[in-house]
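A.B. asks: Quick one, structure for this:
(2 chains)
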Amino acid sequence: MSAPTRHASRPALVAAPLPLPAPKRTVDMQIIADWVESGTRVLDLGCGRGSLLDFLVQTKGVQAIGVDLEFNRIAASVHKGLSVYQGDMKQFMSAFPEKYFDRVICSRTVQELQDPSGVILEALRVGRAVTVGFVNHAFWKNRTAALFRGRKLRNEVYTTEWFESRPTNPVSIADFETFCAASGIAITRRVFLRGNWRQPCRFAPNWFAGYALYDLTK
Amino acid sequence: MTDANTDPEGTAHDAPGEVGLVVPQDFHCREPFTFDNGQTLPGFILRYETYGELNEARDNVIVIAHALSGDHHCAGIHAPGDRKPGWWNNLIGPGKAVDTRRFFVFCANVLGGCVGSSGPSSLNPDTGRPYGLSFPFVTIRDMVRAQKILLDHLGVQALHAVIGGSMGGMQVLQWGIDYPKFTRRMIAMATTARESAQAIAFNEVGRQAIMQDPAWNRGDYPRDGGPRVGLAIARMMAHITYLSDASMDRKFGRRTVAKDDPRRSRRLLEETPVGPSDEQLANLNREATEEADKPDAFDVKFEVESYLRHQGESFINRFDANSYLYITRALDHFDLAATAGGSLEAALAPVEAETLVVGFTSDWLFTPEQNRAVALALLRSGKRASYAELDTDLGHDSFLLESPELYGLVRGFLER
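C.D. replies: Okay, here's the model as predicted:
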């Protein structure tokens, strides 16, 4: 955010027009919506511009709260009519009592976190259930690309060159299941999607699933 | 109603227009008013301005709540030659974030104030002299209740929103608590639910400057007199708390006042809210170097001193010292949780409005933490509330400054 400019002749619109939701998003959003119960209290960690929460409010009538770090995303969510909080998600959750939320959602967020286990465990404290969705970094095309190209992954998901990328912490299905087992987290539901993120993947998911969704409790 | 320029045809394009000429109105309440502390007045006056037009349902109203040193004149100008428009003119107007083509915008000088509304400088009809310290003790709640009486008089059915920063933000929260059915949206900026020890401490230094000035005379002074030195010092000190180290350094640095015309650079600084241009800065810095060896050590030397002295001087011509004592005391006593057994959630329980709280990273008077606490308490008590934070280095006064990001946020919230 830059300092306010001196001669702002026109007020800025809140949000630039949103790009059409990537078709890849629709299936995981629909699965999350299926898991969410109507009228419940839902927290979305890393809510972005509020697309998922807006969808859940429209389809499930949830009481939605989103958390995000960036002002422009918060402003866009505010414009959508959502309740959102700009700030650190762990600090935010620490302000709430145990099991305050029916569900905490971490959709495509875990790979960006400083302290993923801290966040997930805190989410399990304030939430009755925690939904985690992430891109499976161990998908076979990623593996072969690394093997044969010897370069940073670049595809639909990983769109940037190394020199223009932020540090991220990619996660695989095997990594995540190991973490859950080691932390005593119960996996109540899991869905794996193939590389197109549409059809279910039923065989060797750590190789053949492009996307994974988990429902957790503790 | 005012004769505010509300021509919707002439402003129906995208570029925001100006509110234009406005005439303040006086509302005389003839009914007795009982203050929070039990004292009463036989009636009161509130001076106010409105911009835009009230719709048929009388519910397109946006109340603007002013801060400690503000007043009812928040947009437009009073005369064609006015150099400065109302204090929130950048936010309010046709096509602006608070769009006077859609909303009927209302702002009143608070009860206890000194810009036309009843306060300690008003004449007591029983004595023919200013009330002084015999004016009842005022709270934020009293300020809001008096405005509600005025809005009822105007036939207003509901508020689309209440918006305010600093003390205005406190009034916003009070609106939501005391009139939950009436208040549909709240925007509270750079504010707190509880005046902190540091903020009380600054207020106390200001009050001591006033009360230690012999001309204060226990609040009993003629209308054109009073503790001018004390009030100016109070203002100078308070003004520092509205800025930040970074913004003061950018605006003044260590520059000294120009030799040939000490007022020139001061004017330059006043006319450029964010700071002078590079070329202007270069000239000022050159003059500063030439000035550096001047021997008269305790005369105005640095730009920042000149600026603060000017702030003090212009304040004493528009503000009453007793009002300053009363309003700072109202701030000190503001503690929403204390009114509900120590629980902020309980205090906010009646709220039905959707709330937007906005904090500013460099605000060290009402810190981001204090603003967050308001939003978190609202969310914990199941209310619809958001918290947004602007990364500015302009200190507490950030909420007043030109920021397209802030305009966009406010506009988006008011549209939902």
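A.B. asks: State whether residue A:125 is indeed within a helix.
C.D. replies: Yes: the assignment for residue A:125 is a helix, going by DSSP: H, G, I helix; E, B strand; the rest coil.
A.B. asks: Might one say that it is in contact with residue A:98?
C.D. replies: Yes: Residue A:125 lies in contact with residue A:98 (CB atoms under 8 Å); the separation is 5.7 Å. C-betas here are computed from N, CA, C, even on glycine.
A.B. asks: Between these two, which is the more surrounded one?
C.D. replies: Set side by side, residue A:125 and residue A:98 show more neighbours around residue A:125, with 17 against 9, by other CB atoms under 10 Å in any protein chain shown.
A.B. asks: helix, strand or coil for residue A:206?
C.D. replies: Following three-state DSSP, we place residue A:206 in the helix state.
A.B. asks: which residue ranges form the strands in chain A?
C.D. replies: Ranges of strands within chain A are A:41-45, A:63-68, A:83-86, A:101-107, A:127-135, A:186-193, A:211-217, based on DSSP state E.
A.B. asks: Tell me, please, the helix or strand in chain A that averages the lowest pLDDT.
C.D. replies: Ranked by mean pLDDT, DSSP states H and E, the weakest helix or strand in chain A is helix A:23-35, scoring a mean of 85.
A.B. asks: contact partners of that one?
C.D. replies: By CB atoms under 8 Å, 6 or more residues apart in numbering or on different chains, the surrounding residues in contact with helix A:23-35 are A:21, A:51-52, A:55-56, A:59-60, A:103, A:105, A:107, A:129, A:131, A:133, A:156, A:189, A:191, A:193, A:196-198, A:211, A:213, A:215.
A.B. asks: Helix, strand, or coil at residue B:170?
C.D. replies: helix.
A.B. asks: Secondary structure element for the residue of chain B found nearest chain A, which one?
C.D. replies: Chain B approaches chain A most closely through residue B:412 (3.3 Å), counting by CB to the nearest CB. According to DSSP states H and E, residue B:412 maps onto helix B:404-415.
A.B. asks: Please name every helix or strand in contact with that helix.
C.D. replies: Based on contacts counted as 3 or more CB pairs under 8 Å, 6 or more residues apart in numbering or on different chains; DSSP states H and E, the elements that helix B:404-415 packs against are helix A:71-79, strand B:98-99, strand B:159-165, strand B:185-189, strand B:354-360, strand B:385-390.
A.B. asks: 6 Å instead?
C.D. replies: Applying 3 or more CB pairs under 6 Å, 6 or more residues apart in numbering or on different chains; DSSP states H and E, we find helix B:404-415 packed against helix A:71-79.
A.B. asks: Distance check, residue B:385 against residue A:32.
C.D. replies: 24 Å (CB to CB, to the nearest Å).
A.B. asks: With residue B:237 instead?
C.D. replies: Residue B:237 sits 54 Å away from residue A:32, taking CB to CB as the criterion.
A.B. asks: In terms of neighbours, single out the busier of the two.
C.D. replies: Of the pair residue B:237 and residue A:32, residue A:32 is the one with more neighbours under other CB under 10 Å, namely 23 against 16.
A.B. asks: what residue ranges in chain B score low on pLDDT?
C.D. replies: Scanning chain B for pLDDT under 70 picks out B:1-14, B:259-278, B:280-295.
A.B. asks: need the contact list for residue A:95.
C.D. replies: Residue A:95 makes contact with residue B:376 under the criterion CB atoms under 6 Å, 6 or more residues apart in numbering or on different chains.
A.B. asks: Surely the residue of chain B closest to chain A is in contact with residue A:76?
C.D. replies: No: using CB atoms under 6 Å as the test, residue B:412 is too far from residue A:76 to be in contact (7.7 Å).
A.B. asks: Looking at these two, which one has more neighbours?
C.D. replies: Neighbours per residue, other CB under 10 Å: of residue B:412 and residue A:76, the larger number sits with residue A:76, 27 against 21.
A.B. asks: Centroid-nearest residue for chain B?
C.D. replies: The centroid of chain B falls nearest to residue B:67 when counting by CA atoms, centre = their mean (2.3 Å).
A.B. asks: So among the contacts of helix A:23-35, which ones count as buried?
C.D. replies: Listed as buried from the contacts of helix A:23-35 are A:51-52, A:55-56, A:60, A:103, A:105, A:107, A:129, A:131, A:133, A:191, A:193, A:197, A:211, A:213, A:215; burial here means 16 or more other CB atoms under 10 Å in any protein chain shown.
A.B. asks: how about the helix or strand hosting residue B:314: buried residues?
C.D. replies: Assigned by DSSP H and E, residue B:314 falls within helix B:303-316. Buried positions in helix B:303-316, judged by neighbour count with 16+ other CB under 10 Å: B:303, B:304, B:305, B:306, B:307, B:308, B:310, B:311, B:312, B:315, B:316.
A.B. asks: any idea of the angle the following helix or strand past it forms with helix B:303-316?
C.D. replies: Once the chain leaves helix B:303-316, the next helix or strand it forms, by DSSP H and E, is helix B:321-332. Orientation of helix B:321-332 against helix B:303-316 (axes from the mean of the first three to the mean of the last three CA atoms, to 10 degrees) gives an angle of 110 degrees.
A.B. asks: Show residues contacting helix B:321-332.
C.D. replies: Outside helix B:321-332, the residues that touch it by CB under 6 Å, 6+ apart are B:68, B:112-114, B:119-120, B:132, B:138-140, B:167, B:195, B:200, B:203, B:207, B:210, B:219, B:226-227, B:231.
A.B. asks: so, in contact with chain A or not, the very next helix or strand once past that helix?
C.D. replies: Where DSSP H and E defines the elements, the next helix or strand beyond helix B:321-332 is helix B:344-348. No: using CB under 6 Å from any CB of the partner chain, helix B:344-348 never reaches chain A; the gap is at least 10.9 Å.
A.B. asks: tell me which element residue B:31 falls in.
C.D. replies: Going by DSSP H and E, residue B:31 is not in any helix or strand.
A.B. asks: separation between the closest residue to it other than its chain neighbours and residue A:137?
C.D. replies: Using CB to CB, 6 or more residues apart in numbering or on different chains and skipping the chain neighbours, the partner closest in space to residue B:31 is residue B:43 (6.4 Å). Residue B:43 sits 73 Å away from residue A:137, going by CB to CB.
A.B. asks: now do residue B:327
C.D. replies: On the measure of CB to CB, residue B:327 and residue A:137 end up 59 Å apart.
A.B. asks: who has more neighbours, these two?
C.D. replies: Using other CB under 10 Å as the criterion, residue B:327 and residue A:137 rank with residue B:327 on top: 27 against 21.
A.B. asks: if I look at that one, how far off is residue A:94?
C.D. replies: Distance, residue B:327 to residue A:94, by CB to CB: 35 Å.
A.B. asks: Repeat that for residue A:196.
C.D. replies: For residue A:196, the distance to residue A:94 (CB to CB) stands at 39 Å.
A.B. asks: who's in contact with residue B:300?
C.D. replies: B:257, B:306.
A.B. asks: same check, this time on the one 4 residues further on
C.D. replies: Under the criterion of CB under 6 Å, 6+ apart, the neighbours of residue B:304 are residue B:252.
A.B. asks: try 10 Å
C.D. replies: Neighbour list for residue B:304: B:240, B:243, B:248, B:249, B:251, B:252, B:253, B:254, B:255, B:256, B:257, B:269 [criterion: CB atoms under 10 Å, 6 or more residues apart in numbering or on different chains].
A.B. asks: from those, which would you call buried?
C.D. replies: Among the contacts of residue B:304, those classed as buried by 16+ other CB under 10 Å are B:240, B:243, B:248, B:251, B:252, B:253, B:255, B:256, B:257, B:269.
A.B. asks: quick revisit: can you tell me which of the buried residues of helix B:303-316 is nearest residue B:83?
C.D. replies: Taking CB to CB as the measure, residue B:310 is the one of those closest to residue B:83, at 14.4 Å.
A.B. asks: And the closest one, how far from residue B:317?
C.D. replies: The gap separating residue B:310 from residue B:317 is 11 Å, by CB to CB.
A.B. asks: so what's in contact with the two at the same time?
C.D. replies: residue B:232.
A.B. asks: quick one on the thing from earlier: for the residue nearest to the residue nearest to the centre of chain B when sequence neighbours are not counted, phi and psi?
C.D. replies: Closest residue to residue B:67 apart from its sequence neighbours, by CB to CB, 6+ apart: residue B:166 at 3.9 Å. Backbone dihedrals for residue B:166, given as degrees, to the nearest 10, come out at phi 60, psi -130.
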